[in-house]
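Peer 1: Got a predicted structure plus its sequence, pasted below:
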Amino acid sequence: MRKIQKTLGVALCVLFLASPVVFAAEHGLSEAEKSFIVFKDKWFSKLNQHCRHGKENMEVLSNGEGFYVAQYSEVAEQSLEVKETGVKESPFVGILRYHRTTFSAEAMTKEEALNGPFNTVSLQGVTEIFRYSNGEWVY
Amino acid sequence: MKGILKKGYFFGIVAVLAMMVGAVSAQARMVPKVDNFIIFTDQSGSMYMTHQELDEVKIVAAKQLLMEMNDQIPELGYMGSLYMYAPFSEVQAPQVYQTRDMAAAIQQIPEDQAIFGRVTPLGDGIAQLDGVLAQLSGKTAVIVVGDGEDNKGSDAIMQATRIVQQYPDVCFHVVSFAERKEDKITNEQLAAVNNCILVEGTELLASRAALDQFVRDVFYGEEVVVVEEEVIVLRGIQFAFDSSEIRPEWRPVLDEGARVLMDNPEIDVVIEGHTCSIGTDSYNLGLSERRAASVKNYFLTRGISEDRMTTVGYGMRRPIADNTTEEGRRLNRRVEIKIAD
């Protein structure tokens, strides 16, 4: 009987410690939120640096009618949210919402087009969902 | 994340699962009406006399008004400067406008100068704006703040007309502290040179709404921008090399995406797979199709109807980032979902 109780106790401890509730509690929703805010800033830097046709590497194309069109996109944060998942491997998801605005300018030469002035041509609402795993936001 | 999906909107998803979400929304954005502005303040002797209606020294009232106005001007990238006339002096040369910097410049306007013996060569002062305007490009608002006295030197209206002929995109807006009839006429004529604004300083001091309107009329407008597309991107789902298997740790992200689809049952989607540039084109086309199919199969297990989803693989043919860097290639490895027509 004592052996059964001991075995059961060990099993319960293992289950408890392995539970996603404990895992999430150890990491803490507030800590996840704070880290997501930091991650968000780095994410925008990545988008601006690596995605095609940011302001630093505009696309300039001929429109086939004797004009050149310079175009680039920028992102602007709207909101962010972190939720608990109940999954041990990925205890949190982070939801980042932003706008991606595309600007364009038209001129007779490439150089003039690059100098603007630029007008807004489209606005896209983007919601990105990340997962938190092993102490970092994964993408 | 609840939203109402509307037909005709493009939704893209990056990294594993793309979901369509969100409704069209309109937002107002401030857009500048000018490329530059010059605050041009009268510091002649008459400005150090008391304004009868305000019962305040005119320069003190003007300075207070400028501080309040400055607080309302949005920072939209125009070049701002502050000059004085009678005599002409530069307080702040043209620089990218920031509220804090202009406030510091306004504070430098002296409140204690002699009244007598300090006349008003308004025309000469306007003429000296030529040197400032020559540095600027685009549209320029000159905000003249003064009592309209013009009793020395060249004719102010003639000088303003000459300036406008040389710089057609210049507008003389006048904030008047004039009390005498002839001075009010001078201010009216100055504003009329290029059909610009004339407003009473007393009115702007008395009414916050009037001040706000003046700032809107001179500095900025509002543009309504409609959000054309909504995209939901599920991240953190990186398929192993040559694999299309869905791993358990990805499920929270996928489930969050599935929830959006369940909340919007009227939408049908196309799931697109994309890869980076490593590997052959044909290999990547097949791989991306398999990954898109894996995502679709997962959604089936979550109760999303199969007839709402189709898949396609684009391989490396539609990159969103620079494939010459590892970070760019990572961003390109993704699945996008679009609304089906």
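Peer 2: Noted; the coordinates are in hand.
Peer 1: Contacts only, for B:G117.
Peer 2: By CB atoms under 8 Å, 6 or more residues apart in numbering or on different chains, the residues touching B:G117 are B:G45. Quick note: C-beta positions are derived from backbone N, CA and C, even for glycine.
Peer 1: next one: the strand or helix carrying B:A210 to chain centre, how far?
Peer 2: Using DSSP states H and E, B:A210 maps to helix B:208-218. Helix B:208-218 sits 18 Å away from the centroid of its parent chain (CA atoms, centre = their mean, to the nearest Å).
Peer 1: same question for it, mean pLDDT?
Peer 2: Across helix B:208-218, pLDDT averages out at 94.
Peer 1: Confirm B:Q135 sits in a helix?
Peer 2: No. Counting by DSSP: H, G, I helix; E, B strand; the rest coil, B:Q135 is not part of a helix but coil.
Peer 1: So it sits against B:Q95, correct?
Peer 2: No. With contact defined as CB atoms under 8 Å, B:Q135 does not reach B:Q95; the gap is 11.0 Å.
Peer 1: quick revisit: convert the C-alpha atoms of the helix holding B:A210 to PDB, please.
Peer 2: C-alpha atoms of helix B:208-218 as PDB (Å, rounded to 0.1, in the frame of the first residue of the first chain):
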ATOM      1  CA  ARG B 208      -9.200  77.100 -29.100                       C
ATOM      2  CA  ALA B 209     -11.400  75.900 -32.000                       C
ATOM      3  CA  ALA B 210     -10.400  79.000 -34.100                       C
ATOM      4  CA  LEU B 211      -6.800  78.300 -33.400                       C
ATOM      5  CA  ASP B 212      -7.200  74.600 -34.300                       C
ATOM      6  CA  GLN B 213      -8.900  75.600 -37.500                       C
ATOM      7  CA  PHE B 214      -6.100  78.000 -38.400                       C
ATOM      8  CA  VAL B 215      -3.500  75.300 -37.900                       C
ATOM      9  CA  ARG B 216      -5.500  72.900 -40.000                       C
ATOM     10  CA  ASP B 217      -5.900  75.500 -42.700                       C
ATOM     11  CA  VAL B 218      -2.200  76.400 -42.800                       C
END
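Peer 1: the bottom helix or strand of chain B by mean pLDDT?
Peer 2: Ranking every helix and strand in chain B by mean pLDDT, DSSP states H and E puts strand B:17-19 at the bottom, with a mean of 39.
Peer 1: nope, chain A is what I meant
Peer 2: helix A:20-27 (a mean of 46).
Peer 1: Following the chain onward from it, which element is next?
Peer 2: Heading C-terminal from helix A:20-27 (DSSP H and E), you reach helix A:29-50.
Peer 1: where's stretch B:281-297 relative to the chain centroid, distance-wise?
Peer 2: 41 Å.
Peer 1: Now that stretch: average pLDDT?
Peer 2: 90.
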